[in-house]
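> heads up, no residue letters with this:
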């Protein structure tokens, strides 16, 4: 019966090797689109249209793809619009979700479960079905073509409230009691104690909101009219033509739009993972 | 490889279905609103002097769906117009998304009473635009100015006209042609100057061209599962695609792409694929284009819009490109292809007379032979003006691209009839998709007649609910 330890010892390196191979393959799969986006953005039509597709620029580099992309769309101002819209939506969702979640967890509301259920049910209404009423409202308020118009319909989210509620539920009651004993009111407790200690969940929600705001397509298309106020996602779709194709130029635009999102993931990933699992494995 | 590319486009399709659905539902409301909200005067042309007393700049908002290189040329034309009308008219152009998105955006703007002054709508949105009752027809401006429109290609304006009344100004126009790889024709022992003209001839040539029989191409023939191509076959056989005289005598009530002629095409196509003579590249037009460009296919059906890209690919790949008339179902049948593309609509309801007039000036400018020559040579779209073909820049362009003359001749030789005008249908986008469903399932082995009948029947309730909502 002294065997198990030996088996384990000899088995471990092999298992490790196996998991490294699997992880390595997954790594390649995940990285390939980014790699191809980068390389493709420097390819001419001759490479992108060849068969089988070229995996690196065989017939010369074409950095002018970036210039072409910038000439067709006002990428700079569209970029700015996207950033402002994303920031407004992210901050808005964090604030409203945190306040709503706080109310659901720490305030003795009557019918709490019912109200929470009602909140959750908003997650089941697809945005597409209320896009027209939203559009009519925004345009009657005269907010078309503004950052406010782009962000307003998205400032509150059922999902965010749900996510933060789960996280707040696991908040130690002792800490809250201690804060109360020390004289902290609701707001003080929320701002100085709860929020700093719930950073991972807030970060997870922030990243989730930022990603979905950044990738929005249909709403910005409806809510804007000036090309400079359109978001970068619309700009990129304008780079792609159905009649002739220059994938290099489209990829150049994609890379320019991808960059900030990528940074967000690289620096925020540990928060995403930590935050999303925080409520689940209580 | 080829098939997987087609799968990649599915999410995109899905993304559009939801907005399209909403849009369809919203039409009903839009149509009601149009009737009660404004005076019918909104759809009349303003007086010719509408701009005379206006002080300051009249701003014309213009929504378009032009992307890539086309967007660049369009911006250039807009700038040219603005410069010529400095201090009087300024056109502000906006990319409103691809055609489907643009029309959805437009539908939303009808309800919030904030339609643009000019909007570019694809060919298959024509019936909707008429039924939405928002626009001033071109005919009203033409009649008011007693404008001589003999410069416009009648086969192009035909699509956008009902009983000689021109509703919108055609703008970017393309036509289908047959492309073939001349080098492969020579290699296979075929005469490179004798392209196929009918289904039987394509098959006969494909037999020699396909790898299966020792030919130089992987597949002799290949084209995308694209409803537009099927519409073209029906028109070249001088048949109508939908009833009520292709929707031009009255509102169409059913589509007829399950007619014996259409089924003949589908059966032929299915057999070609089964026998290894044709590639099934799926619905994504890009997949079939890429296969032809890279020399896997010898014969391909595509729009004139591809001429530039194909010529470049031929030059890069060291082979010679040929273009010919769109094939007929049976050789020698009367009829010809239908034009495709998009046209410009001037909004009237809720717009000031000065804006309508300024919009008309802009539309007239874009339709002018000079602008059309710039447009044609810059984008490869077909010029709607006959005179554009004689502009020096255009002559030069066609000397460099002699294959374009094939398209010019094809257009000029097509006899205008209800069949070649094309079908006007409120739910044309959905109908085109349904015909693709039918064709696709047939190519995957279903019985052609059954598949097409099922597809055609699936469109009927859509047509009915559309017609009911626009009564």
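Yep, that arrived. Fair warning: this is a prediction, and the values are worked out from it, not measured in the lab. Residues are numbered from 1 along each chain as shown, chains lettered A, B, ... in the order given.

> Next, work out how far apart the residue lying closest to residue A:101 once chain neighbours are set aside and chain B are.
Leaving out its chain neighbours, the residue that sits closest to residue A:101 by Cβ to Cβ, 6 or more residues apart in numbering or on different chains is residue A:164, at 3.6 Å. C-betas here are computed from N, CA, C, even on glycine. In this view, residue A:164 and chain B are 29 Å apart by Cβ to the nearest Cβ, to the nearest Å.

> tell me the contacts of residue A:164?
By Cβ atoms under 8 Å, 6 or more residues apart in numbering or on different chains, residue A:164 lies in contact with A:97, A:98, A:100, A:101, A:198, A:201, A:202, A:205.

> Please identify the helix or strand for the residue of the stretch 101-250 of chain A found nearest chain B.
Nearest residue of the stretch 101-250 of chain A to chain B: residue A:241, at 3.1 Å (Cβ to the nearest Cβ). Counting by DSSP states H and E, there is no helix or strand that carries residue A:241.

> What is the neighbour count of the closest residue to it other than its chain neighbours?
Ranked by Cβ to Cβ, 6+ apart and with sequence neighbours excluded, the top spatial neighbour of residue A:241 is residue B:68, at 3.1 Å. Neighbour count of residue B:68, defined by other Cβ atoms under 10 Å in any protein chain shown: 22.

> wait, isn't residue B:68 in contact with residue A:235?
No: counting by Cβ atoms under 8 Å, residue A:235 is not a contact partner of residue B:68; they are 11.7 Å apart.

> Give me the common contacts of these two.
Contacts common to residue B:68 and residue A:235, judged by Cβ under 8 Å, 6+ apart, are absent.

> doesn't residue B:65 make contact with the residue of the stretch 101-250 of chain A closest to chain B?
No: with contacts counted by Cβ under 8 Å, residue A:241 stays clear of residue B:65, the gap being 10.6 Å.

> Now do the helix or strand harbouring the residue nearest to residue A:101: distance to the chain's middle.
Residue A:164 belongs to helix A:158-169 when elements are defined using DSSP H and E. In this view, helix A:158-169 has its centroid 17 Å away from the chain centroid, taken as Cα atoms, centre = their mean, to the nearest Å.

> in it, what's buried?
A:158, A:159, A:160, A:161, A:162, A:163, A:164, A:165, A:166, A:167, A:168 (16 or more other Cβ atoms under 10 Å in any protein chain shown).

> can the residues you listed go into JSON lines with extra columns for distance to residue A:69?
Converted to JSON lines, these look like this (distance: Cβ to Cβ, whole Å):
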{"residue": "A:158", "distance to residue A:69": "37"}
{"residue": "A:159", "distance to residue A:69": "34"}
{"residue": "A:160", "distance to residue A:69": "34"}
{"residue": "A:161", "distance to residue A:69": "39"}
{"residue": "A:162", "distance to residue A:69": "39"}
{"residue": "A:163", "distance to residue A:69": "36"}
{"residue": "A:164", "distance to residue A:69": "39"}
{"residue": "A:165", "distance to residue A:69": "43"}
{"residue": "A:166", "distance to residue A:69": "42"}
{"residue": "A:167", "distance to residue A:69": "41"}
{"residue": "A:168", "distance to residue A:69": "44"}
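
> Quick one: name the residues of the stretch 51-200 of chain B near chain A.
Proximity of the stretch 51-200 of chain B to chain A (Cβ under 8 Å from any Cβ of the partner chain) is limited to residues B:61, B:67-72, B:92-98, B:101, B:104-105, B:108, B:111-112, B:114, B:116, B:174.

> If we ignore the residues flanking it in sequence, what's nearest residue B:95?
residue A:238 (4.8 Å).

> Where does that neighbour fall, secondary structure wise?
Going by DSSP H and E, residue A:238 is part of helix A:232-239.

> Now do the helices in the stretch 251-400 of chain B.
B:260-274, B:285-293, B:307-317, B:353-367, B:369-379, B:392-400 (DSSP state H, counting those that start in this stretch).

> Kindly reformat the ones you listed as JSON lines and extend each row with distance to residue A:19.
Listed next are the helices of the stretch 251-400 of chain B as JSON lines, based on distance: least, Cβ to Cβ, whole Å:
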{"stretch": "helix B:260-274", "distance to residue A:19": "44"}
{"stretch": "helix B:285-293", "distance to residue A:19": "37"}
{"stretch": "helix B:307-317", "distance to residue A:19": "45"}
{"stretch": "helix B:353-367", "distance to residue A:19": "62"}
{"stretch": "helix B:369-379", "distance to residue A:19": "53"}
{"stretch": "helix B:392-400", "distance to residue A:19": "59"}
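
> Out of the ones you listed, flag the one nearest residue A:46.
When the helices of the stretch 251-400 of chain B are compared by Cβ to Cβ, helix B:307-317 sits nearest residue A:46, at 5.0 Å.

> residue boundaries of the helices in the stretch 151-282 of chain A?
Along the stretch 151-282 of chain A, counting by DSSP H, counting those that start in this stretch, helices occupy A:158-169, A:173-181, A:186-189, A:195-197, A:199-214, A:218-223, A:232-239, A:247-278.

> Test my guess that residue B:414 contacts residue B:155.
Yes: with contact defined as Cβ under 8 Å, residue B:414 and residue B:155 form a contacting pair (5.5 Å).

> and for these two, which residues touch both?
Counting by Cβ under 8 Å, 6+ apart, the residues touching both residue B:414 and residue B:155 are residue B:420.

> Let me see the confidence value for residue A:68.
pLDDT recorded at residue A:68 is 83.

> and it, what helix or strand is that in?
Per DSSP H and E: helix A:64-72 holds residue A:68.

> Next, the angle helix A:247-278 makes with that helix.
Counting by axes from the mean of the first three to the mean of the last three Cα atoms, to 10 degrees, helix A:64-72 lies at 90 degrees to helix A:247-278.

> I'd like the next helix or strand past helix A:64-72.
Using DSSP H and E, the helix or strand that follows helix A:64-72 towards the C-terminus is helix A:75-106.

> Buried residues in that next one, which are they?
Those would be A:75, A:77-83, A:85-86, A:88-90, A:92-94, A:97-98, A:100-106, for helix A:75-106 by 16+ other Cβ under 10 Å.

> in the helix or strand that it is followed by, what counts as buried?
With elements assigned by DSSP H and E, the helix or strand that comes after helix A:75-106 is helix A:112-121. For helix A:112-121, burial by neighbour count (16+ other Cβ under 10 Å) applies to A:116, A:119.

> Do the following helix or strand past helix A:112-121 and chain B come into contact?
Sequence order places helix A:131-140 as the next helix or strand after helix A:112-121, per DSSP H and E. Yes: using Cβ under 8 Å from any Cβ, helix A:131-140 reaches chain B at A:131, A:132, A:135, A:136, A:139, A:140.

> Which residue lies nearest the spatial centre of the chain?
In the absence of a named chain, this looks at chain A. For chain A, the residue sitting closest to the mean C-alpha position, by Cα atoms, centre = their mean, is residue A:211 at 1.7 Å.

> was after chain B, sorry
Centre-nearest of chain B using Cα atoms, centre = their mean is residue B:340, 2.1 Å out.

> what's the distance between the residue nearest to residue B:437 when sequence neighbours are not counted and residue A:156?
Of all residues not flanking residue B:437 in the chain, residue B:455 sits nearest, at 5.1 Å (Cβ to Cβ, 6+ apart). The gap separating residue B:455 from residue A:156 is 43 Å, by Cβ to Cβ, to the nearest Å.

> okay, those two: which has more neighbours?
residue B:455 (25 against 17).

> show me the contacts for that one.
B:257, B:258, B:434, B:435, B:437, B:438, B:439.

> what about 6 Å?
If you count contacts by Cβ atoms under 6 Å, 6 or more residues apart in numbering or on different chains, residue B:455 has them with B:434, B:435, B:437, B:438.

> Figure out the helix or strand that it lives in.
Here residue B:455 is assigned to helix B:448-469, by DSSP H and E.

> what number of residues lie near residue 261?
No chain in the question, so chain A it is. For residue A:261, using other Cβ under 10 Å, the count is 16.

> try again with chain B
Around residue B:261 there are 18 residues (other Cβ under 10 Å).
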